[in-house]
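**Q** the sequence and its predicted three-dimensional model are supplied below.
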Amino acid sequence: MCEKKKIAIGLSGGVDSSVAAYLLKEQGYEVIGVTMKTCGPADSGQSAWGQREETAVKDAAKVADTLGIPHVVLDFSGEFRRCVIDYFVEEYLHGRTPNPCNVCNRFVKWEALLRESARLGAEEIATGHYARIHRLENGRLAVCRSAADGKDQTYALYDLTQEQLACTRMPVGDYTKEEIRGIANRMGLPVAAKKDSQDICFIPDGDYGAFLEREAGNRLPGPGNFVLEDGTVVGKHEGIIHYTIGQRKGLKIALGRPVFVKKIDPVRNEVVLSDNADLFTGHLTAEKINPMSVERFCPGQEFVAKIRYSHRGTPCRIAAADGDRIRIEFAEKVRAVAPGQPVVLYDGDDVAGGGIIVE
């Protein structure tokens, strides 16, 4: 009789990863539930983040017990601090708008989980992401859009490596959210009705400014000038960490017309304001490129680009490619391109790759 293949699933205490664990068990895997603790000792049990994490650990344990699978809690707070929080803070200090979920996926949910899962004897890992993985005719592996269009999470997975994809299963990618909840209800999973988390895990109250003030302390630049594109000073801002490209609400400035954040200049400690029309651009440059479905990016290639998670996507072409840097030209102008955010390129439903916007 063949021995079952061991697989470790990131069991977050939510409905998606819980159903993913059930589906894998039904497929014949020997499933190990792994809950990743990312909250350090200073926050554990004290902050809203720590309290939420404690609840997640308890919920994951209940799910594992219901499914009859082993449950392990691993401390990844060191990796999370170095790879996610420190990165998040540094990006804001440099006037950029980061996406911490992308770096968490690459370096914590995959790299660290793969390392620790191997120690548990697991050959593969799995997650509850709404995405699929398949091998293309060119031999490369790619993340593909899920069946749940409104829940699709491929944008946050563009930076995964070929080696990571080869060891990964995403069993919920073939289902809609409604179907996943239906399975959870039928199987009597204790988290079947649990609400989805919509915020960044380490800032559950959504107050980025307060978090950055706690983390960066005296490194934070103080108030500076609001300026127009010609350099005219029109007011005072509260600190560059409180603003992002395209923002209108919360500026606390009255110029007799709507104005928006067009640029954040950390060197001069200025926030540049403009009319909405000036937020549109026909191109961008990105670096730290990760090709996925393609071996490399070359001038003339055409894709659909998403410049933020909620962006529907705009046709584009690669205008220039130089090592770890590409320039993209759009078929029509896009609004509020924000340095620090990922740009993810799609070839049909497949992720072709992506990088971090620099300008």
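**A** Looks like it came in fine.

**Q** please make it C-alpha for all contacts and neighbour counts, starting now.
**A** Noted.

**Q** hmm, who's touching stretch 302-310?
**A** 155-156, 312-318, 337, 341-348, 352 (C-alpha atoms under 8 Å, 6 or more residues apart in numbering).

**Q** actually stretch 61-68, sorry about that
**A** So stretch 61-68 is in contact with Gly13, Ser18, Tyr22, Gly33, Pro70, His71, Leu189, Pro190, Val191, going by C-alpha under 8 Å, 6+ apart.

**Q** now do 6 Å
**A** Under the criterion C-alpha atoms under 6 Å, 6 or more residues apart in numbering, residues His71 lie in contact with stretch 61-68.

**Q** show me what counts as buried in it.
**A** By 16 or more other C-alpha atoms under 10 Å, the buried positions in stretch 61-68 come out as Ala61, Lys62, Val63, Ala64, Leu67.

**Q** please apply the same query to stretch 317-334.
**A** Arg317, Ile318, Ala319, Ala320, Ala321, Arg325, Ile326, Arg327, Ile328, Glu329, Phe330, Val334.

**Q** could these go into TSV alongside pLDDT and secondary structure?
**A** As requested, the buried residues of stretch 317-334 are exported to TSV (pLDDT from 0 to 100; DSSP: H, G, I helix; E, B strand; the rest coil):
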residue	pLDDT	secondary structure
Arg317	98	strand
Ile318	98	strand
Ala319	98	strand
Ala320	97	strand
Ala321	96	strand
Arg325	96	strand
Ile326	98	strand
Arg327	98	strand
Ile328	98	strand
Glu329	98	strand
Phe330	98	strand
Val334	98	strand
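
**Q** can you tell me which of those residues is closest to Leu279?
**A** Val334 (8.2 Å; C-alpha to C-alpha).

**Q** how near is that closest one to Asp278?
**A** For Val334, the distance to Asp278 (C-alpha to C-alpha, to the nearest Å) stands at 11 Å.

**Q** so in this structure, which helix runs the longest?
**A** As assigned by DSSP state H, the longest helix anywhere in the chain is helix 48-67.

**Q** which other helices and strands contact the very next helix or strand once past that one?
**A** Remark: after helix 48-67, the chain's next helix or strand is strand 71-75, criterion DSSP states H and E. Helices and strands touching strand 71-75, by 3 or more C-alpha pairs under 6 Å, 6 or more residues apart in numbering; DSSP states H and E, are strand 30-37.

**Q** just checking: what are the partner strands of the strand it packs on?
**A** strand 6-10 (parallel), strand 71-75 (parallel) (DSSP bridges).

**Q** could you pull up the mean pLDDT of that strand?
**A** Mean per-residue pLDDT for strand 30-37: 96.

**Q** tell me the angle it makes with helix 48-67.
**A** 170 degrees (axes from the mean of the first three to the mean of the last three C-alpha atoms, to 10 degrees).

**Q** list of residues touching strand 30-37?
**A** 4-12, 70-76.

**Q** again, only this time at 7 Å
**A** With contact meaning C-alpha atoms under 7 Å, 6 or more residues apart in numbering, strand 30-37 is reached by 4-12, 21, 24-25, 57, 64, 69-77.

**Q** in ChimeraX, how would I select just the buried ones from those residues?
**A** Buried residues among the contacts of strand 30-37 (16+ other C-alpha under 10 Å), as a ChimeraX selection:
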select :6,7,8,9,10,11,12,21,24,25,57,64,69,71,72,76,77
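
**Q** off-centre distance for stretch 7-16?
**A** 17 Å (C-alpha atoms, centre = their mean, to the nearest Å).

**Q** same check on stretch 142-160?
**A** 11 Å.

**Q** tabulate the strands paired with strand 30-37 (TSV), appending mean pLDDT and distance to Thr38.
**A** What follows is those, written out as TSV (pLDDT from 0 to 100; distance: least, C-alpha to C-alpha, whole Å):
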stretch	mean pLDDT	distance to Thr38
strand 6-10	97	13
strand 71-75	96	7
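
**Q** in JSON lines, list those along with distance to Lys288.
**A** Shown next, in JSON lines, are these (distance: least, C-alpha to C-alpha, whole Å):
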{"stretch": "strand 6-10", "distance to Lys288": "26"}
{"stretch": "strand 71-75", "distance to Lys288": "28"}
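
**Q** among the ones you listed, which comes closest to Asn290?
**A** Minimum separation from Asn290 across these (C-alpha to C-alpha) falls at strand 6-10, 23.6 Å.

**Q** quick one: list the elements packing against whichever helix or strand comes after that closest one.
**A** Heading C-terminal from strand 6-10, the first helix or strand you meet, by DSSP H and E, is helix 15-26. In terms of contacts (3 or more C-alpha pairs under 7 Å, 6 or more residues apart in numbering; DSSP states H and E), helix 15-26 is packed against strand 30-37, helix 177-186.

**Q** for stretch 9-19, measure first residue to last.
**A** Start-to-end, stretch 9-19 (C-alpha to C-alpha) is 11 Å.
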